[in-house]
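Visitor: below are the sequence and a predicted model for it; my questions follow.
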Amino acid sequence: MANFRSKDYLLANPDARLAMENQQFDQAYQHFLSVKEQHTRYQYLTKSVEECPPILLQGNNPENLLSLIDEPLEDLSKYLGGDYSNVYAPLNFINMEKLGVSSQFLEDCAIYHKNYFNIESGKFHYQKVMDIPLTQFVKPTILDLGSGSGKSVFACCELFDGCSILATDISHELLKILVKYKKEYYPSSRIEAVAMDALHTRLRPSSFDIFTGFAILHHLVDIDLVFQTAYSALRENGCVFFFEPMLSGYIVVISLLKLLLKRNEHSSYLFRKNKLSRKIVNFFMAVIWDWTERINSYNKMEHVRITDLDDKWIFTRQFIETAAKEAGFRYVEIVSINEPPRYKHELTWMLRTIEVDFADLPKWAKEIVDSFDEGDILCGKNDIILSAGVICRK
């Protein structure tokens, strides 16, 4: 008997998927509106910039970066062959079950690397959060959570002179790519790669100046534990830098995609030659389904099926601020990373994953996207955030 709520069934049956996502999206959106007034600025939870004046933080530069992990480590080449040389892991890693981690991060990681490895994009994001006058770092020690093939790691290498980076990821396959790239292009950089579940591995307390992660939180199940782990691992006045998708912006993106699909569906006979391709229609419908699931899951594990999703969350400001405050951070700021035209940029990036160019969209579709960007400039980029930089100071 078919499971009519399973992802496979819905992806194979567009009509059923559209009917379900319409209902779920409407319910989620009504809930969002009901709590929108509670999503105030960070000051009501934490101290303002004026109460946390900028300071200079000198890195402690440990002789052995691997010693900051308070567990025995093994070089994976001992078990998996020479290609994994200089990728380390705790003793229990080889047989560890990687819950909620799909093939795109493991055996298919070369495709993931091709689609998402972009050091300049990483630098752009970090420069945005570094504009906040909070902490100036000198040769910082950095823990990078979910390093993947190294986009955030090599961005930090270029932005923080003399830094030392512990690159961590649950995918030893991605870290193999990172180590190879480091040897070729950043041979003198101080980077160690450790395959591990960083939230369930013992880190030496008060050892890091920066605890960071690029688009990693929404892949994890326990967000509270992330901030608790970061708080424990950081030295006094150390900072968290995370980069994540936000609900307020993606509700607009979902509305944009639904409008494009509706316009495409109700086009006239003469207009049909300019319709969206079936490939694009199926992709947009799958994206709407995925984000609707994430919207429904953001209320702290209300939906147990969250472990079945690659992308598990889409965050609200209040959700992140509360998790940071409860972990003990005394300063939290959430800033918009994207600049107009944000929705055109977002669709361009999305379509690239199915090897479609934004320029290939019908003229009417591009005009609709442009109209959303024109409205975005009027309403203010800080009120509707697509991609956020999360900054916390201990």
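Guide: Thanks, I have the structure now. Numbers count the residues shown, from 1 in each chain.
Visitor: pLDDT averaged over stretch 352-360 - what is it?
Guide: Confidence for stretch 352-360, expressed as mean pLDDT, is 90.
Visitor: for it, buried residues please.
Guide: Buried residues in stretch 352-360, counting neighbours by 16 or more other Cβ atoms under 10 Å, are found at 356, 358. Where you see a C-beta, it was placed from the backbone N, CA and C, and this is true even at glycine.
Visitor: do the same with stretch 89-96
Guide: Buried residues in stretch 89-96, defined by neighbour count with 16+ other Cβ under 10 Å: 89-90, 93.
Visitor: cool, and stretch 176-195?
Guide: Buried, per 16+ other Cβ under 10 Å, within stretch 176-195: 176-182, 186, 189-195.
Visitor: can you give me the neighbour number for the residue nearest to Ala167 when sequence neighbours are not counted?
Guide: Using Cβ to Cβ, 6 or more residues apart in numbering and skipping residues adjacent in sequence, the residue nearest Ala167 is Ser147, 3.9 Å away. Residues near Ser147, counting by other Cβ atoms under 10 Å, number 30.
Visitor: what's the closest non-adjacent residue to Val253?
Guide: Distances taken as Cβ to Cβ, 6+ apart place Glu346 nearest to Val253, at 6.0 Å, with adjacent residues excluded.
Visitor: now swap in Ser121 and tell me
Guide: Counting by Cβ to Cβ, 6+ apart, Ser121 lies nearest to Lys151, which is 7.1 Å off, once chain neighbours are set aside.
Visitor: list of residues touching stretch 360-375?
Guide: Stretch 360-375 is contacted from outside by 252, 256, 259-260, 263-264, 271, 274-276, 280, 340-344, 347, 351, 358, using Cβ atoms under 8 Å, 6 or more residues apart in numbering.
Visitor: output that stretch as PDB - backbone C-alpha positions only.
Guide: Output of stretch 360-375 as PDB, limited to C-alpha atoms (Å, rounded to 0.1, in the frame of the first residue of the first chain):
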ATOM      1  CA  ASP A 360      16.700  30.500 -19.900                       C
ATOM      2  CA  LEU A 361      13.500  31.200 -18.000                       C
ATOM      3  CA  PRO A 362      10.600  32.700 -20.000                       C
ATOM      4  CA  LYS A 363      10.500  36.500 -20.100                       C
ATOM      5  CA  TRP A 364       7.300  36.600 -18.000                       C
ATOM      6  CA  ALA A 365       8.900  34.500 -15.300                       C
ATOM      7  CA  LYS A 366      12.000  36.800 -15.100                       C
ATOM      8  CA  GLU A 367       9.700  39.800 -14.900                       C
ATOM      9  CA  ILE A 368       7.800  38.300 -11.900                       C
ATOM     10  CA  VAL A 369      11.200  37.700 -10.200                       C
ATOM     11  CA  ASP A 370      12.200  41.300 -10.900                       C
ATOM     12  CA  SER A 371       9.000  42.600  -9.400                       C
ATOM     13  CA  PHE A 372       9.700  40.700  -6.100                       C
ATOM     14  CA  ASP A 373      13.200  42.300  -6.000                       C
ATOM     15  CA  GLU A 374      11.700  45.700  -6.600                       C
ATOM     16  CA  GLY A 375       9.300  45.200  -3.700                       C
END
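Visitor: now do the one helix or strand Lys114 maps to, average pLDDT.
Guide: Secondary structure assignment for Lys114, by DSSP states H and E: helix 109-116. Mean pLDDT, computed over helix 109-116, is 72.
Visitor: try stretch 365-376
Guide: Averaged over stretch 365-376, pLDDT sits at 86.
Visitor: can you give me the strands in this structure?
Guide: Secondary structure of the chain, counting by DSSP state E: strands at 55-58, 73-75, 87-90, 135-138, 141-145, 164-169, 190-195, 208-214, 234-245, 331-336, 387-393.
Visitor: got the buried residues for the first one?
Guide: Going back to what we said before, that points to strand 55-58. For strand 55-58, burial by neighbour count (16+ other Cβ under 10 Å) applies to Leu57.
Visitor: that strand pairs with which strands, parallel or anti?
Guide: Strand pairing for strand 55-58, using DSSP bridges, gives strand 135-138 (parallel).
Visitor: pretty sure Gly389 contacts His125?
Guide: Yes. Using Cβ atoms under 8 Å as the test, Gly389 is close enough to His125 to be in contact (6.4 Å).
Visitor: follow-up on the earlier one: please convert the strands of the chain to a markdown table, extending it with distance to Asp370.
Guide: Formatted as a markdown table, those follow (distance: least, Cβ to Cβ, whole Å):
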| stretch | distance to Asp370 |
| --- | --- |
| strand 55-58 | 44 |
| strand 73-75 | 52 |
| strand 87-90 | 45 |
| strand 135-138 | 39 |
| strand 141-145 | 37 |
| strand 164-169 | 38 |
| strand 190-195 | 42 |
| strand 208-214 | 29 |
| strand 234-245 | 22 |
| strand 331-336 | 20 |
| strand 387-393 | 20 |
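Visitor: could you tell me the least trusted of those strands?
Guide: Taking the mean pLDDT of these, strand 55-58 comes last: a mean of 76.
Visitor: ok, Ser147 to Glu173 distance?
Guide: Relative to Glu173, Ser147 is positioned 12 Å away (Cβ to Cβ, to the nearest Å).
Visitor: again, but for Val179
Guide: Taking Cβ to Cβ, one finds Val179 at 11 Å from Glu173.
Visitor: repeat for Asn86
Guide: 14 Å.
Visitor: now do Glu236
Guide: The gap separating Glu236 from Glu173 is 36 Å, by Cβ to Cβ.
Visitor: who's in contact with the residue nearest to Ser121?
Guide: Lys151 touches 116-119, 121-122, 214, counting by Cβ under 8 Å, 6+ apart.
Visitor: tell me the contacts of Phe227?
Guide: Phe227 neighbours (Cβ under 8 Å, 6+ apart): 240, 323-324, 326-327, 329, 392.
Visitor: again with Glu346
Guide: Glu346 sits next to 253, 338, 386 when contact means Cβ under 8 Å, 6+ apart.
Visitor: for those, which one is nearest Ile165?
Guide: Asn338 (25.8 Å; Cβ to Cβ).
Visitor: tell me the phi and psi of the spatially closest residue to that closest one that is not a sequence neighbour?
Guide: Excluding the flanking residues, the one nearest Asn338 by Cβ to Cβ, 6+ apart is Leu386, at 4.8 Å. Note on Leu386: its backbone torsions stand at phi -80, psi -60 [degrees, to the nearest 10].
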